[in-house]
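[1] Quick one, fold the following:
(chains A and B)
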Amino acid sequence: MSFNNIDKQLLDSLIDPEELYQNAPCGYLSFVPDGTIVKVNKTLANWLGYSAEDILGKMKFTDLISKGGALHFEMFFRPLINVNGVVNQLSYDIIKKDRSTFPVFLSAVTSKNPEGNVQAINATLYDVRERIMYEQELLLAKKKADAERKRFEFLSDFNPEIIWTASDSGNIDYVNKRFYQFFNTRKFSTEKTLSKVCPLDRFKLLRRWISSIKAARTFNVEIRLENQSGAYEWHLIKADIYLEDNSAEARWIGSCTNIDNQVKSVQKRDEFINIASHELKTPITSLKAYHQILQRIPLPAAAENFFTRANTSLNSLQFLVSSLLDVSQIDSGQLTLNLSSFSIKEVVEESVELLGASHPTHPIDIKFKPDYQYMVYADRQRIMQVIINLITNAIKYSPNANRVEVSLIRSKNEKLVKLEVRDFGVGIPAGKVDQIFEKYYRVSDTMNNNKASGLGLGLYITQNIMKQHKSRIFVDSEVNKGSCFYFSLPVSENVYKG
Amino acid sequence: MIVTNSISKRNNVNMTGKGDKVMLFAHGFGCDQNSWQFITEAFEDDYKVILFDYVGSGKSDISAYTSNRYCRLEGYAQDVLEICGELKLKDIIFVGHSVSSMIGMLAALQQPSLFDKLVFVGPSPRYLNDEGYHGGFERADLETLFEFMDSNYLGWSSQLAPAIMGNPDRPELGDFLTNSFCSTNPDVAKEFARVTFFSDSRSDLPKLKVKSLTLQCTDDIIAPLNIGAYIQENTPFNTLRLMEASGHCPHISHPQETINAIKTFLN
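    Numbering: from 1, shown residues only, chains lettered A, B, ... in the order given. Predicted coordinates for the structure are as follows:
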């Protein structure tokens, strides 16, 4: 049945204007210019608690509102509707028969006679009890949010550090008072702030910030900022992402801490160590020379023992000083490599031979294919230093074990050689793995009565040697089961199979 | 004709009409000179009709508003006197609606020679009830009016939205439908309301030397019937005219009756 064929009578019968008027979800009210109500729908009469007969011709619109409301009606509503013919969304409290009130929004239009005189005013009233309730909740929530924001701002202003926040796209949208004090400004501007970053650090800062935003990862960078007297001071800038809830956009909260004193004292320490180790090197070299001369002179038998001990101490001292010199070189970026093609297998064998004699408790198992030379292109001496360090550590941190394993493994495509040093000792807790490569970091193992000794430089130096080779040392470790330190080097072009 | 002198500019003075005799129309609280639009034409043949807005209302220069000056009706009376002074008006017919009736009276007490006749439309010397005096309102009634004004000056949407959206500045009035046919700064309106409704000019009525007419509406909640009688009893040379018009703005709701009543008095 097409739409055109539908009986018009049927369509008309679907709409009952009287029914719509009487039972509309809003109140309808008509009154003549003096306010006397002449028409009211059932909905409104029900809201008011009156019958239509109680109202019509007997009550005025102003009887339904408070005296203040009536004043408003006279002074604003009536002139307005007389002039404009319409009022919109006036908010009134309507008084019911039982004298209780409820809030409505009232809109009204005039009905004029052909001469243009107002005959009646038709008003529509919406019950807004629920709406007002929600509005109050909304305002309350807004108030709470404002209070929270104020609390945050107060706390952040109270903080001696610079605190800032940024949107998930990285635009800084809040800085605390300390920021304005430090930069002596009243307004935040990205350009101006960047201009206060030491030019040498600007690129680093931006690169780290952009990559942190992209990866949504913790941001952490040390840069120099120009202070008000024009000098640069080191600052640590940190930021982390936080989510208010799952639907909200991620936001950054960051800080900027003055670490100038720490950085400068670390620099002073490094400088001191650098100078001290250089100064120590010369007398040690002399001592070594005298020792060698003494070796050629016949000594009483009783002196032999002391002579050997003196040599051991002298070697330890030389090792410590050379470690410190290595660190100085690394820190000043002067660690250079003497590259050549050599068999890492031979280096492993030499290292094991060297260490085996002094560590009889831990036999060292070497695992590799005997017919393969494992040629690599690297700094032979430095790689040996790395291997010796890893094996020494393996022995040191497995006091109750009776062996250490060193393996050489070719990668499937034969392009890399992997060297593994495995011990069966105390292992490293997961949280500490990253720290062991830090400078001066020493394992504090109370269960082990701090048996570990040394300067805490070994792994720092070896890691940096490998970094210089564009490689890296990795660790797999399990507490009380042991650790496996390994690194890979590219196979040399100059490869030959034995 | 728009007058561009300083006071005239400040008070947005407008003049029409062919006559020599001046009729100065002063709007009431919450209005501006637009409220006279239905009756002024009837006087243009015989009079020079001058319309103005009080400072703070309509298109007046809002920057001239200071609470210090306009915290009393005398401040508004000063506007009237300054307009007369700048335009060199004399012997004028002053027509004041609502609170402007008493403002006109205060001006006439200060400089009686400027005024020939005063017409009070819906006047009241005091809105608050007092011992032996029925003004029509208790203080609490007026406080509810002030609340109403706050919540109804602009439509609902303009009320809550800025509060929620945290827009501290008032939105441009033009952006919303205002529930006032005259443009009045809402903050000024609030002060004007207090000055109006808490004023008491009863003691000044007996001092008036200028002839005056009171147009009293039959059912005016703001100025009840007894007020017209009170003014007549206490004011020398006052005529009381009871109108059929109901409400507080007969010049808007019943313009013809208002015109007739004024003309009868003037002739």
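[2] how deep is the residue of the stretch 101-250 of chain B found nearest chain A tucked in, by neighbour count?
    Of all residues in the stretch 101-250 of chain B, residue B:144 sits closest to chain A, at 2.5 Å by CB to the nearest CB. Using the backbone N, CA and C atoms, a C-beta is placed for each residue, glycine as well. If you count neighbours by other CB atoms under 10 Å in any protein chain shown, residue B:144 ends up with 19.
[3] for residue A:261, same thing?
    Using other CB under 10 Å, residue A:261 has 10 neighbouring residues.
[4] and it, how far is that from residue A:235?
    Distance of residue A:261 to residue A:235, given as CB to CB, to the nearest Å: 12 Å.
[5] Pop the domain breakdown of chain A in here.
    With domains defined by automatic domain parsing, chain A comprises A:3-127, A:159-258, A:264-331, A:339-490.
[6] Quick check: residue A:174 touching residue A:157?
    No - counting by CB atoms under 8 Å, residue A:174 stays clear of residue A:157, with 11.1 Å between them.
[7] More neighbours: these two, which one.
    Higher neighbour count among residue A:174 and residue A:157: residue A:174, with 18 against 14, using other CB under 10 Å.
[8] Next, the contact list for that one, please.
    By CB atoms under 8 Å, 6 or more residues apart in numbering or on different chains, the contact list for residue A:174 reads A:153, A:164-165.
[9] Helix, strand or coil: sort out it for me.
    Secondary structure state of residue A:174, per DSSP: H, G, I helix; E, B strand; the rest coil, is strand.
[10] Show me the beta-bridge partners of it.
    For residue A:174, the beta-bridge partners under DSSP bridges are residue A:165.
[11] For it, give me the pLDDT.
    pLDDT for residue A:174: 90.
[12] now residue A:287
    On pLDDT, residue A:287 comes in at 89.
[13] For the longest helix anywhere in chain A, name the packing helices and strands.
    Counting residues, the longest helix found in chain A (DSSP state H) is helix A:260-295. If contacts are counted by 3 or more CB pairs under 8 Å, 6 or more residues apart in numbering or on different chains; DSSP states H and E, helix A:260-295 sits against strand A:232-242, helix A:301-331.
[14] Report the rounded mean pLDDT for the helix or strand following the last one.
    Secondary structure here is assigned by DSSP states H and E; on that basis, the next helix or strand after helix A:301-331 toward the C-terminus is strand A:339-343. Averaged across strand A:339-343, the pLDDT comes to 90.
[15] Go through the helix or strand following strand A:339-343 and flag the buried ones.
    Per DSSP H and E, strand A:339-343 leads on to helix A:344-358 as the next helix or strand towards the C-terminus. For helix A:344-358, a neighbour-count test (16 or more other CB atoms under 10 Å in any protein chain shown) marks A:344-345, A:347-348, A:351-352, A:355 as buried.
[16] which helices and strands sit right next to helix A:344-358?
    On a contact count with 3+ CB pairs under 8 Å, 6+ apart, helix A:344-358 meets strand A:364-367, strand A:375-379, helix A:380-396, strand A:404-410, strand A:416-422.
[17] between those, which one is nearest to residue A:279?
    helix A:380-396 (22.7 Å; CB to CB).
[18] Whichever residue of chain A sits closest to chain B: what's it in contact with?
    Per CB to the nearest CB, residue A:68 is where chain A lies closest to chain B, at 2.5 Å. Applying CB under 8 Å, 6+ apart, we find residue A:68 in contact with B:141-148.
[19] Filter those down to the buried ones.
    Buried by 16+ other CB under 10 Å: B:141-142, B:144-148, out of those.
[20] how about the helix or strand where the residue of the stretch 101-250 of chain B closest to chain A lies as PDB, C-alpha atoms only?
    Secondary structure assigned from DSSP H and E places residue B:144 in helix B:139-152. Output in PDB follows, covering the C-alpha atoms of helix B:139-152 (Å, rounded to 0.1, in the frame of the first residue of the first chain):
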ATOM      1  CA  ARG B 139      12.500  43.600  52.100                       C
ATOM      2  CA  ALA B 140      12.400  39.900  51.400                       C
ATOM      3  CA  ASP B 141      10.100  40.500  48.400                       C
ATOM      4  CA  LEU B 142      12.600  42.800  46.900                       C
ATOM      5  CA  GLU B 143      15.500  40.300  47.500                       C
ATOM      6  CA  THR B 144      13.500  37.700  45.500                       C
ATOM      7  CA  LEU B 145      13.100  40.300  42.700                       C
ATOM      8  CA  PHE B 146      16.900  40.800  42.600                       C
ATOM      9  CA  GLU B 147      17.400  37.000  42.400                       C
ATOM     10  CA  PHE B 148      14.900  36.900  39.600                       C
ATOM     11  CA  MET B 149      16.800  39.600  37.800                       C
ATOM     12  CA  ASP B 150      20.000  37.700  38.200                       C
ATOM     13  CA  SER B 151      18.600  34.500  36.800                       C
ATOM     14  CA  ASN B 152      16.400  36.000  34.100                       C
END
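[21] Show me how far stretch A:292-311 is from its chain's centre.
    In terms of CA atoms, centre = their mean, to the nearest Å, the centre of stretch A:292-311 is found 61 Å from the chain centre.
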